[in-house]
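Engineer: From the sequence below, what's the structure:
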Amino acid sequence: MKVIAVIPARYASTRFPAKLLQDLGGMSVIRRTYLAAVETGLFDDVFVVTDSHLIFDEIVQHGGKAIMSKKEHESGSDRIAEAVEDLAVDVVINVQGDEPFIDKKPLEMLVEVFRNDTTKRVDLASLMFEINDTTEIENPNNVKVITDKEGFALYFSRSVIPYPREVGVGVRYMKHIGIYAFRKQALMDFYNLPMGILEASEKLEQLRYLENGKRIMMVETTHGSIGIDTPEDLEKARQLIAN
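Structural biologist: Numbers count the residues shown, from 1 in each chain. This next block holds a predicted model:
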């Protein structure tokens, strides 16, 4: 089974433009993320896929591998699908460019999902971890996920799901970590499907998979990650590096 990691990297982030080129401990956010993926040793290859010559040059000039997108894309999955369309791979890991503190263990867990899926029931796998702070649960920048009893995703939302109409019933709130593992065929199917109303409403690309019957296995981890969506997130990351 050939496994590669691809890091989609847009320059024009809506909430924090040029965030991937911001300094984080003497190195750009995107370069730190790329090196973290390489250093896991889990992948046959690692690429950054970007629409920005600045990001492309940042990776290549430091000895990394990058691919320029040929088209404009609505989502990271679209960008990755274009990049891997002609590559002979089985599983593609989508590492978010703004997740510089990725850890080997949860990525290894995602790869194992496919190694153990002998009947090929799983189209995608992704990560989640439990959150308990009310502010974190209610924050729309934190995407929440609910699953069925086998661990397959039922829905993702920026809203609080499930809604706590009744408290004390044992509900756990799970935050989605935006790292995906795809079977290549699922990724290519996504590439050829139109955006649905759920994805358009929530601005969450994973909903296109669910709307079209793809099965996403969620893997629980205790390895929380710091995603850099805002300048405040960047400051938290800098403090973590400094300490």
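Engineer: drop to CA atoms for contacts and neighbour counts, all remaining ones
Structural biologist: Will do.
Engineer: what residues does stretch 19-30 touch?
Structural biologist: Stretch 19-30 is contacted from outside by 9, 11, 13, 32, 55, 59, 97-98, 100, 228-229, 234, 237-238, 241-242, using CA atoms under 8 Å, 6 or more residues apart in numbering.
Engineer: one more time with 7 Å, if that's ok
Structural biologist: With contact meaning CA atoms under 7 Å, 6 or more residues apart in numbering, stretch 19-30 is reached by 97-98, 100, 238, 241.
Engineer: tell me which strands and helices the helix-or-strand element of the chain with minimal mean pLDDT is in contact with?
Structural biologist: None of the helices or strands of the chain scores lower by mean pLDDT, DSSP states H and E than helix 76-84, at a mean of 86. Under the contact definition 3 or more CA pairs under 7 Å, 6 or more residues apart in numbering; DSSP states H and E, helix 76-84 sits against strand 3-9, helix 184-191.
Engineer: Please work out the average pLDDT along the first one.
Structural biologist: Pointing back at strand 3-9 there. The average pLDDT for strand 3-9 rounds to 93.
Engineer: Tell me what angle it forms with helix 76-84.
Structural biologist: 120 degrees (axes from the mean of the first three to the mean of the last three CA atoms, to 10 degrees).
Engineer: now swap in the longest one and tell me
Structural biologist: Inter-element angle recorded for helix 184-191 and helix 76-84: 120 degrees (by the same axes, to 10 degrees).
Engineer: and helix 184-191, which residues are buried?
Structural biologist: 184, 186-188, 190-191 (16 or more other CA atoms under 10 Å).
Engineer: Just the closest of those to residue 199, please.
Structural biologist: Comparing the buried residues of helix 184-191 against residue 199 with CA to CA places residue 190 closest, at 12.2 Å.
Engineer: Need the pLDDT of the residue nearest to the closest one when sequence neighbours are not counted.
Structural biologist: Spatial nearest neighbour of residue 190, chain neighbours left out: residue 209 (6.7 Å); criterion: CA to CA, 6 or more residues apart in numbering. Looking at residue 209, its pLDDT is 95.
Engineer: same check, this time on the one 5 residues further on
Structural biologist: Among the per-residue scores, residue 214 shows a pLDDT of 97.
Engineer: hang on, it is in a strand, isn't it?
Structural biologist: No. Under DSSP: H, G, I helix; E, B strand; the rest coil, residue 214 falls outside any strand and is assigned coil.
Engineer: Test my guess that it contacts residue 122.
Structural biologist: No. Shown here, residue 214 and residue 122 do not form a contact pair, counting by CA atoms under 7 Å, at 8.1 Å.
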